[in-house]
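Q: predicted structure and sequence below. I'll ask about it afterward.
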2 protein chains.
Amino acid sequence: MPSFTPNTRGVCATPHIYADGLNAGLKTNGNNDLAFIYSDVVCEVAALFTTNKMLAAPLQHAKAKGKIKSNFILVNSKNANAVTGTKGIADIDTIMEQLQAHFGGKLVSPLMSSTGVIGVYLPIEKIVAGAKRFDLTRQEPMNAAHAIMTTDKFSKTIAFDVTCDDGSVFHIGAMAKGAGMINPAMATMLCFITTDINLPQEQVQTILTRVNHTTFNAASVDGDTSTNDTVFVFNTRQSSATDASAFEAALYKVMYFLARELVRDGEGSTKLIDYRVIGAANDREAEIVAKMMSNSLLIKTALYGEDPNWGRIAMSVGASGVACQESTLTIRYNDVVLLDKGINRFDALLEKRAAAVMKLPAFTVEVDLGMGNGTFTAFGCDLNHEYITINADYRT
Amino acid sequence: MPSFTPNTRGVCATPHIYADGLNAGLKTNGNNDLAFIYSDVVCEVAALFTTNKMLAAPLQHAKAKGKIKSNFILVNSKNANAVTGTKGIADIDTIMEQLQAHFGGKLVSPLMSSTGVIGVYLPIEKIVAGAKRFDLTRQEPMNAAHAIMTTDKFSKTIAFDVTCDDGSVFHIGAMAKGAGMINPAMATMLCFITTDINLPQEQVQTILTRVNHTTFNAASVDGDTSTNDTVFVFNTRQSSATDASAFEAALYKVMYFLARELVRDGEGSTKLIDYRVIGAANDREAEIVAKMMSNSLLIKTALYGEDPNWGRIAMSVGASGVACQESTLTIRYNDVVLLDKGINRFDALLEKRAAAVMKLPAFTVEVDLGMGNGTFTAFGCDLNHEYITINADYRT
């Protein structure tokens, strides 16, 4: 078994990687809004992009490269550069040409990533002026992690040194942003991962896609799917480690942690819920039910009210359309069984015990369909007044 | 063209039909919670039921009858009799046996309909005691309409006398309830329609199913699908009118009005939005986009904030997965064009005009995909603090 030693170096946990963040004037409160990640060796980049068909300009720009080898990404918050047409893509090239001149031609196939309001052109001058203030030899991963936040209340980073069974060592570090417009339809946010595992690009891409399915794609805050969602894995390939299963375990640890952090920070979220579905006819049907529950407004508001109204769970299971029936349905909140193969166990004592579970900051709603062996766990949060307040006038 | 004369007689607009409502003690505030509809001739009953697989007991009870001929339905609010197993169904028979004895055997294949909390057994004694107080010769349709309300703020009824081109006359009257757990997946609420059109049961059923597609099934408040949704058409067949197209026009008028009333009364709703999609590859894809928008939390909260953040409309169109592209996408709020075939027309003046549209109690968000001739209109509302307040602790 590989051993994992956590550290606080974020995306800079991987040698050769530099990162920083600053305020370029996009956020009017002075908070960081512009970040870079730079590598002094060229990286192989594995990537996942949103399934939203209104693909934002930076994603179109990156996808046009095909297999990506790059050593630089510029990330801004407050403006998504989405639904901005061909101008949105040209703006990225304009920015990168000016930065290339400024940084003495050091940038290899530079990338950009953006998050914020849709349908507004990038403030090119502010961004270029801000980026020119960057020092590519600085390692300030927390500054970078703060710069990519929008409605996030806290930054999200994680990093490990990983020692494989053969004694070889590799590194993995990551930062992510996301709190709203979170829905399981790819990787519902921005996530930047750095590593030095010595595995070929195709293999990293395959592992990334597989791990994404049960991590970011299992997360939902509001069921809305961003135009900008991206996961990038920048791989320097500078370590001697070639243990693919250790890398997959490490990537899972990183992405599972960050996916749940997104939901824990879901706009207004006060609770993190694992919707665990077992006993479905197959894994795909379990996934459908788990995601249906995690997106139900009536379940989310009952969670906020700490009301053990398990009838809404049964409603959502039935609405999912998968193979299910009342007589085999079991519903648990942690270890408290509320419906037992269709038999209602609810009484005053059980209601009190269920309500106590619901007061926890994190718990599991488990649904056993009693139809087969399919399982899936989705991550969701509650819905409350703060979500409304945040989103009623997001642009101002 | 048939002529429609509106009246205020609700479900009692059809001769031979009686209805009333009272408080049987389910609602503790003294409001009506129990209603009946009775006909002194036996009706042919057309019906639609929820697609939710956790079918509530009254729906299982009614479906077991096959083709329904009945002259009586008892409706209660505050308890859905859903996820109550075989006891839930037996409870209905128990109630009806006692009422049959009380009403001297007048009831033919009596039906029941319930709405309210899921997973709680019916309070049989309260319901029977309440129903025994009914006088089957009373015509108090507004008492009945009030008795079926749950979180509804206002009752929903409509009625017409219809004169066909050949001079024959028929009647149609209806009441509906619904404000939350509203999603287009059948008829997302309870609706009781009475008529005396002289058309066979099968034909009424076919017309009902067709009309439902663009009325109740186009409505969404919260994207959650009830276990109890039902539409019943009680047909005395006592009129001489046999004009099927006049009946379809009348049924459409009734169901269109009630579907939009449900959404206008959506929990916390302050606005009624028609999401009109045109230019889709086909009608089915237009429907997918229209419903996607009507269920998007980010669109709903922007509507509440009266923020013309049309980027969220583009986001939702792209997330729907149907054939679409930025370069042919047009977005209008009433007559204000915000995105014109991918070109952003947004400026300070346009934002002011769009914001003015958004202050209206009802308006149209029109999306032209520019891909074909498919069209569909869905009905939706905004999402705000009151929805959260209503649903955080619905049971108390």
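A: Cool, got the structure.

Q: and the strand or helix carrying A:Leu338, anywhere near chain B?
A: Using DSSP states H and E, A:Leu338 sits within strand A:336-340. Yes - Strand A:336-340 comes into contact with chain B (C-beta under 8 Å from any C-beta of the partner chain), by way of A:Leu339. Placement of C-beta: from N, CA and C, glycine included.

Q: can you name every helix or strand that that strand contacts?
A: strand A:330-333, helix A:348-358 (3 or more C-beta pairs under 8 Å, 6 or more residues apart in numbering or on different chains; DSSP states H and E).

Q: could you spell out the sheet neighbours of that strand, each with its direction?
A: strand A:330-333 (antiparallel), strand A:343-344 (antiparallel) (DSSP bridges).

Q: alpha carbons of the longest one, as PDB, please.
A: What follows is strand A:330-333 as a C-alpha-only set of coordinates in PDB (Å, rounded to 0.1, in the frame of the first residue of the first chain):
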ATOM      1  CA  THR A 330     -35.600   1.000   3.200                       C
ATOM      2  CA  ILE A 331     -34.600   4.500   4.300                       C
ATOM      3  CA  ARG A 332     -31.900   5.300   6.900                       C
ATOM      4  CA  TYR A 333     -30.500   8.500   8.300                       C
END
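
Q: residues making contact with it?
A: A:279, A:308, A:310, A:313-314, A:337-341, A:354, A:357-358, A:363-368, A:370 (C-beta atoms under 8 Å, 6 or more residues apart in numbering or on different chains).

Q: just checking, A:Ile17 touches A:Gln238?
A: No - under the criterion of C-beta atoms under 8 Å, A:Ile17 makes no contact with A:Gln238, lying 10.0 Å away.

Q: who's more crowded, these two?
A: Between A:Ile17 and A:Gln238, counted using other C-beta atoms under 10 Å in any protein chain shown, the more crowded position is A:Ile17 (28 against 18).

Q: low pLDDT regions in the stretch 201-350 of chain A?
A: A:221, A:225 (pLDDT under 70).

Q: on that earlier part again, tilt between the strand holding A:Leu338 and helix A:348-358?
A: Strand A:336-340 and helix A:348-358 are oriented at 120 degrees to each other (axes from the mean of the first three to the mean of the last three C-alpha atoms, to 10 degrees).

Q: can you give me the end-to-end distance of stretch A:330-349?
A: Distance across stretch A:330-349, first residue to last, is 18 Å (C-alpha to C-alpha, to the nearest Å).

Q: buried sites along that stretch?
A: A:330-334, A:336-339, A:342, A:344, A:346 (16 or more other C-beta atoms under 10 Å in any protein chain shown).

Q: same deal with stretch A:83-96?
A: Under 16+ other C-beta under 10 Å, the buried positions of stretch A:83-96 are A:83-84, A:88-89, A:91-92, A:95-96.

Q: can you map out the helices along the stretch 151-300 of chain A?
A: Ranges of helices in the stretch 151-300 of chain A, per DSSP state H, counting those that start in this stretch, are A:201-213, A:244-264, A:283-294, A:297-304.

Q: looking at those, which is buried most?
A: helix A:297-304 (a mean of 27; mean count of other C-beta atoms under 10 Å in any protein chain shown).

Q: how big is the angle separating whichever strand in chain A runs longest from helix A:201-213?
A: Scanning chain A for the strand with the most residues, using DSSP state E, yields strand A:34-49. Angle between the axes of strand A:34-49 and helix A:201-213 is 90 degrees (criterion: the same axes, to 10 degrees).

Q: does chain B sit close to strand A:34-49?
A: No - Strand A:34-49 lies out of reach of chain B by C-beta under 8 Å from any C-beta, never closer than 12.1 Å.

Q: swap in stretch A:200-216?
A: No - for a cut-off given as C-beta under 8 Å from any C-beta, stretch A:200-216 has no contacts with chain B; the smallest distance is 15.6 Å.

Q: before we move on, what about stretch A:260-278?
A: No - on the criterion C-beta under 8 Å from any C-beta, stretch A:260-278 is out of touch with chain B, staying 9.2 Å away.
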